[in-house]
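**Student:** what's the 3D shape of this:
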Amino acid sequence: LSIEAVVHTLIEAIALVVLVILLFLHNFRATLIPALAVPVVLLGTFGIMAALGFSINTLTMLAMVLAIGLLVDDAIVVVENVERIMRDEHLDPVEATKKSMVEIQGALIGIGMVVSAVFVPMAFFGGATGEMYKQFAVTIVSAMALSVMVALIFTPALCATILKAHDPHAKAGLAVRFSNAFERRFSWLTDRYGKVVSGSAKRPIRMFLVYLVLVGIMVSLYQKTPTSFLPDEDQGSLLTIIQTPPGTTAESTEAVLRKVENYYMNAEGKNVASVFSVRGFSFAGQGQNMGMMFVKLKDWKEREGRENSAQAIAARAFGPLMGGIKEAIVVPLVPPAVTELGNSNGFTAYLQARAGQSHEQLLEARNMLLGMAAKSPKLMAVRPNGVEDASQFELNIDWGKAGAVGLSAADVGAFLTTVWSSSYVNDFLYEGRMKRVYVQGEPDARTGPEDLALWRVPNGNGDFVDLSTIASQNWVFGPQQVSRYDALPAMELTCWGPK
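**Tutor:** Numbering: from 1, shown residues only. Next up, the predicted model:
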């Protein structure tokens, strides 16, 4: 929807530019030249964008809209100067064009270089700002460079072939009379403006006070105007993160995925085309209690209106999904406007253990912060981003006993890896294809912690040692992943955005 709005703005800008040129130049032939230059420059700019791998998005289209006024200026300068020379010096279009280009070609190149010097540094910004404005800057600079080239090559050719020499004896038709009347009124307006400016210059103190008042109003409005990092953009899709409690079975997670799918296909069936769910993985982490869903929305033409936008659909889904599904945390998300800037819109924050707090203290502080954020009227869907703590099986090796019976850490580690995971041995040829050989414990001998008592570890002397004689086991509750920020233990929090 936002791209469509920018396209409409682009078309309106081109139409307004043509009408303004016609109004002030009073010559349809002269108006036609800048009107032809605009699509040529835009077409070339789209070609450069395609060559650089840029996409048509809000930022590149905004650059196009801004470039319209800049690129038309070059063509207008050429046409207006040719018209002036033909009118004042009574030269034919070809000679007038030659003389005009000698006079203004340096100025055209200078204008293009000055404008490029303003926008080129934006293409080298680092971080998120650079990612946002790189395409914007390159697009508008490309349009300006092509505009100068068109003004030096294409526009003069059009002036020499399309424009006609002025005939002082031509009859004054309706268009000429309208032009003369417009010029008289515009000259009167220009004189009045000049008198106002002259009077203001004679009262510097008063005008300076007025200027200060305007600056104060500007600062006040700037502070009160809502700000954002990037405008939301409906890209025709949604993401949904699903997280069930730690230890939940894969079947229970799958049941939650089906509930979420039923909501989208039934409650939002007029807007949703299809869904694709993934169990065991999400952008928040991996595990059998994690899942995510990609929701493809119908074409924008089939869901017109703001109430059918991706942002509105996600906002409506918060209540039924987050409040209606008690056995899981379900968060619908809108993809960011720039895919390189994260997995969803909103913002991310980190809670750090700056005073050396333990994991349990940091977890308690995080839960307190989440409770406070839930009560805030300004924040929406604040949640932890990561895998929650879960039960873990801890195997403790008594290395003193292990060394006494001839077992090293490498022996024990290799044995556990082979039995409970697998170890690659070699390859063999079978029916014309290479096959790999892996060694692994039998499934029925590694189904639970109690099966450790069934295994014996070979030591360096060729003897076998019962694993239970050197190892003890117990269950603990702890983090499944440890995150840091600026080298300090931290927990990541994300927020969908303000209410």
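**Student:** for Ser391, helix, strand, or coil?
**Tutor:** Using DSSP: H, G, I helix; E, B strand; the rest coil, the structure places Ser391 in strand.
**Student:** packing partners for the host helix or strand of Val94?
**Tutor:** Assigned by DSSP states H and E, Val94 falls within helix 93-119. Helix 93-119 is packed against helix 58-89, helix 127-162, with contacts defined by 3 or more C-beta pairs under 8 Å, 6 or more residues apart in numbering; DSSP states H and E. Placement of C-beta: from N, CA and C, glycine included.
**Student:** for the last one, what does the pLDDT average out to?
**Tutor:** Same thing as helix 127-162. Averaged across helix 127-162, pLDDT comes to 85.
**Student:** can you list the buried residues in the helix or strand just after that helix?
**Tutor:** Note on helix 127-162: by DSSP H and E, the next helix or strand toward the C-terminus is helix 174-201. Residues of helix 174-201 classed as buried: Ser179 (neighbour count, 16 or more other C-beta atoms under 10 Å).
**Student:** model confidence over helix 174-201, on average?
**Tutor:** Per-residue scores along helix 174-201 average to 82.
**Student:** what about the helices and strands packed on helix 93-119, which gets the closest to Ile48?
**Tutor:** helix 127-162 (4.5 Å; C-beta to C-beta).
**Student:** quick one, the closest one and helix 93-119 angle?
**Tutor:** 180 degrees (axes from the mean of the first three to the mean of the last three C-alpha atoms, to 10 degrees).
**Student:** now do the helices in this protein.
**Tutor:** With helices called from DSSP state H, the chain shows them at 2-25, 28-51, 58-89, 93-119, 127-162, 174-201, 204-224, 250-267, 310-318, 359-375, 399-404, 409-420.
**Student:** how about those helices in a markdown table, adding distance to Phe347?
**Tutor:** Formatted as a markdown table, the helices of the chain follow (distance: least, C-beta to C-beta, whole Å):
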| stretch | distance to Phe347 |
| --- | --- |
| helix 2-25 | 20 |
| helix 28-51 | 29 |
| helix 58-89 | 19 |
| helix 93-119 | 28 |
| helix 127-162 | 11 |
| helix 174-201 | 46 |
| helix 204-224 | 20 |
| helix 250-267 | 24 |
| helix 310-318 | 16 |
| helix 359-375 | 12 |
| helix 399-404 | 47 |
| helix 409-420 | 41 |
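**Student:** output the longest strand belonging to the chain.
**Tutor:** Determined from DSSP state E, the single longest strand within the chain is strand 285-297.
**Student:** got the confidence number for the residue nearest to Thr31 when sequence neighbours are not counted?
**Tutor:** Of all residues not flanking Thr31 in the chain, Leu22 sits nearest, at 4.3 Å (C-beta to C-beta, 6 or more residues apart in numbering). Note for Leu22: predicted pLDDT of 79.
**Student:** circling back to that earlier point, and of the helices of the chain, who's closest to Phe464?
**Tutor:** Across the helices of the chain, closest to Phe464 is helix 409-420 (C-beta to C-beta), at 10.6 Å.
**Student:** in the closest one, what's buried?
**Tutor:** Asp411, Val412, Phe415, Leu416, Thr418, Val419.
**Student:** so, low pLDDT: which residues of this structure?
**Tutor:** Scanning the chain with the threshold set as pLDDT under 70 gives 1-6, 128, 166-176, 228-231, 337-346, 496-499.
**Student:** residues contacting Val439?
**Tutor:** The contact partners of Val439, by C-beta atoms under 8 Å, 6 or more residues apart in numbering, come to Thr418, Ser422, Ser423, Val425.
**Student:** most neighbours of all those, which one?
**Tutor:** Within these, most neighbours by other C-beta atoms under 10 Å means Thr418, with 16 neighbours.
**Student:** my guess is that residue contacts Gly441, does it?
**Tutor:** Yes - at 7.5 Å, Thr418 and Gly441 qualify as touching, with contact defined as C-beta atoms under 8 Å.
**Student:** partners of the closest residue to Leu488 other than its chain neighbours in the sheet?
**Tutor:** Once flanking residues are discounted, Leu488 sits nearest to Gln352: 4.7 Å by C-beta to C-beta, 6+ apart. Following DSSP bridges, Gln352 is listed with bridge partners Ala490.
**Student:** hang on, isn't Gln352 packed against Ser483?
**Tutor:** No - the criterion here is C-beta under 8 Å, and Gln352 misses it with Ser483 at 10.3 Å.
**Student:** measure Ala381 to Ala490 for me?
**Tutor:** 20 Å (C-beta to C-beta, to the nearest Å).
**Student:** meant to ask about Glu183
**Tutor:** For Glu183 relative to Ala490 (C-beta to C-beta), the value is 69 Å.
**Student:** with Leu152 instead?
**Tutor:** Counting by C-beta to C-beta - Leu152 and Ala490 are separated by 57 Å.
**Student:** over to Leu42?
**Tutor:** From Leu42 to Ala490 the distance is 47 Å (C-beta to C-beta).
**Student:** again with Gln235
**Tutor:** In terms of C-beta to C-beta, Gln235 sits 30 Å off from Ala490.
**Student:** so between those two, which is more surrounded?
**Tutor:** Ala490 (19 against 16).
**Student:** contact partners for that one?
**Tutor:** Tyr350, Leu351, Gln352, Ala353, Leu362, Ser483, Arg484.
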